[in-house]
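Student: Got a predicted model here, sequence first, then my questions.
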Amino acid sequence: MKEIQTILVVDDDRSIVELLRDFLENDGFYVKTANDADQALSALKKFTIDCIILDIMMPNQNGFELCRQVREESNIPILFLSALSDDVDKIRGLALGGDDYMVKTASPGEIIARVKAVLRRAGSQKGVSRRVLHYGGLALDLSAREVSVEGRCISLTPKEYELLRLFAEHPQLVFTYGQLLDKFWDGIGDKHTVRVHISRLREKIESDPNDPKYIINVWGIGYRFKGE
C-alpha cells in the first residue's frame with residue numbers, strides 16, 4: 001500500500017495556498033489548508049498531518065507563535081515559507097523548532113523538494129519508535145499509515161484511514177454520528193453520510209461486513225471499536 005502523506009498549508013494568502021495545493025497534489029500528496037492559526041490548530045486536531053508549510057505574517061497569531069504552540073505537543077516537521085528574508089527571521093524560525101525556512105521567491109519545485117527532504121528525515125526518526133496497533137488480524141502501522149488484514153495490505157482512502165485510526169486509538173469508546181460528522185465532514189451531512197463511509201470501511205477490513213467484529217453499531221447513537 002502506497003503511503004499517502006498529508007501536508008497542511010497555512011497561509012492567509014489564498015492564491016499561494018491554492019498554488020501549493022495544486023503542485024503538492026500533482027506530486028501525490030494529500031493536502032489540507034488553513035488561512036490562520038485557528039484553522040491550522042483545528043486541522044491538526046482533526047487529521048493526521050505529516051508536514052506543515054507555515055507562513056509567518058498572518059493576522060492575529062503569527063507563524064512564529066503558532067510554531068511555538070505546535071512544538072509544545074508535536075514534532076511534526078514544519079517548513080516556514082515567508083516573505084521575510086532577513087537572517088534574523090530565519091534564525092528565529094529555526095530556533096523555535098522549524099525544520100527548514102524558505103522565502104517566497106522559492107519555486108514550487110524547490111518547495112516540494114524541501115518538503116520531501118524533511119519528510120525523509122522525519123521518517124528515519126520515526127523508524128526508531130514505530131507504532132503499530134494490533135487487533136486480532138487487523139494491524140494499523142501509524143508511522144507508515146498502512147493497514148493490513150490477516151497480513152494482507154489493504155488500500156484505504158484518506159478519509160477511511162482517519163476514521164479507522166480514530167476508532168482503533170480509542171477502543172470501546174462510543175463516537176456519536178454528530179461527533180463523527182463534526183470531525184470528518186465539518187458538520188456537513190447526516191447519519192447517512194457516516195453510514196455510507198463506515199459501510200465501505202467494513203467491506204475492506206471485516207471478513208463479514210454484515211456481522212462486523214471491529215466497528216460495532218451502537219444503535220441510534222453511533223459506533224464503537226471493539227478492541228479485543
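Tutor: All right, it came through fine. Numbering: from 1, shown residues only.

Student: Now the lengthiest helix in the chain: buried residues?
Tutor: The longest helix of the chain (DSSP state H) is helix 108-126. Counting neighbours by 16 or more other C-beta atoms under 10 Å, one finds that the buried residues in helix 108-126 are 111-112, 114-115, 118-119, 122. Just so you know, the C-beta spots here come from the backbone N, C-alpha and C atoms, and that holds for glycine as well.

Student: how close does the most centrally placed residue in the chain sit to residue 10?
Tutor: Residue closest to the average C-alpha location in the chain (C-alpha atoms, centre = their mean): residue 48, at 2.3 Å. Separation of residue 48 from residue 10 (C-beta to C-beta, to the nearest Å) stands at 16 Å.

Student: Equivalent analysis for residue 43, please.
Tutor: The value you get for residue 43 to residue 10, if C-beta to C-beta is used, is 8 Å.

Student: what do these two both touch?
Tutor: With contacts taken as C-beta atoms under 8 Å, 6 or more residues apart in numbering, residue 43 and residue 10 have residue 34 as neighbours in common.

Student: Who has more neighbours out of those two?
Tutor: residue 10 (27 against 18; other C-beta atoms under 10 Å).

Student: Can you tell me who the more buried one pairs with across the strands?
Tutor: residue 34, residue 54 (DSSP bridges).

Student: Distance check, it against residue 61.
Tutor: Residue 10 is 10 Å from residue 61, by C-beta to C-beta.

Student: Tell me who's in contact with residue 68.
Tutor: 96-97 are the contacts of residue 68 under C-beta under 8 Å, 6+ apart.

Student: can you give me phi and psi for it?
Tutor: phi -60, psi -40 (degrees, to the nearest 10).

Student: can you pull the buried residues of stretch 87-101?
Tutor: Buried, per 16+ other C-beta under 10 Å, within stretch 87-101: 89-90, 92-93, 96-101.

Student: Which two among those residues are spaced furthest apart?
Tutor: 89 and 99 (15.5 Å; C-beta to C-beta).

Student: Would you mind measuring from residue 69 to residue 16?
Tutor: 22 Å.

Student: what do you get for residue 25?
Tutor: Taking C-beta to C-beta, one finds residue 25 at 15 Å from residue 16.

Student: for residue 222, same thing?
Tutor: 38 Å.

Student: who has more neighbours, these two?
Tutor: Comparing residue 222 with residue 16 by other C-beta under 10 Å, the one with more neighbours is residue 222, at 18 against 15.

Student: just checking, the more buried one touches residue 180?
Tutor: Yes: counting by C-beta atoms under 8 Å, residue 222 does reach residue 180; the two are 6.6 Å apart.

Student: so what sits against both of those two?
Tutor: With C-beta under 8 Å, 6+ apart, residue 222 and residue 180 have common neighbours residue 194.

Student: The residue nearest to residue 122 when sequence neighbours are not counted: neighbour count?
Tutor: Once flanking residues are discounted, residue 122 sits nearest to residue 77: 4.9 Å by C-beta to C-beta, 6 or more residues apart in numbering. Residue 77: 25 surrounding residues under other C-beta under 10 Å.

Student: Kindly report the same for the one 3 residues further on.
Tutor: Residues near residue 80, counting by other C-beta under 10 Å, number 25.

Student: So which bits of stretch 16-26 are buried?
Tutor: 17, 20-21, 23-24.

Student: And for stretch 218-228?
Tutor: Of the residues in stretch 218-228, 222-225, 227 count as buried by neighbour count, 16+ other C-beta under 10 Å.

Student: what is the rounded mean pLDDT of it?
Tutor: Averaging pLDDT along stretch 218-228 gives 86.
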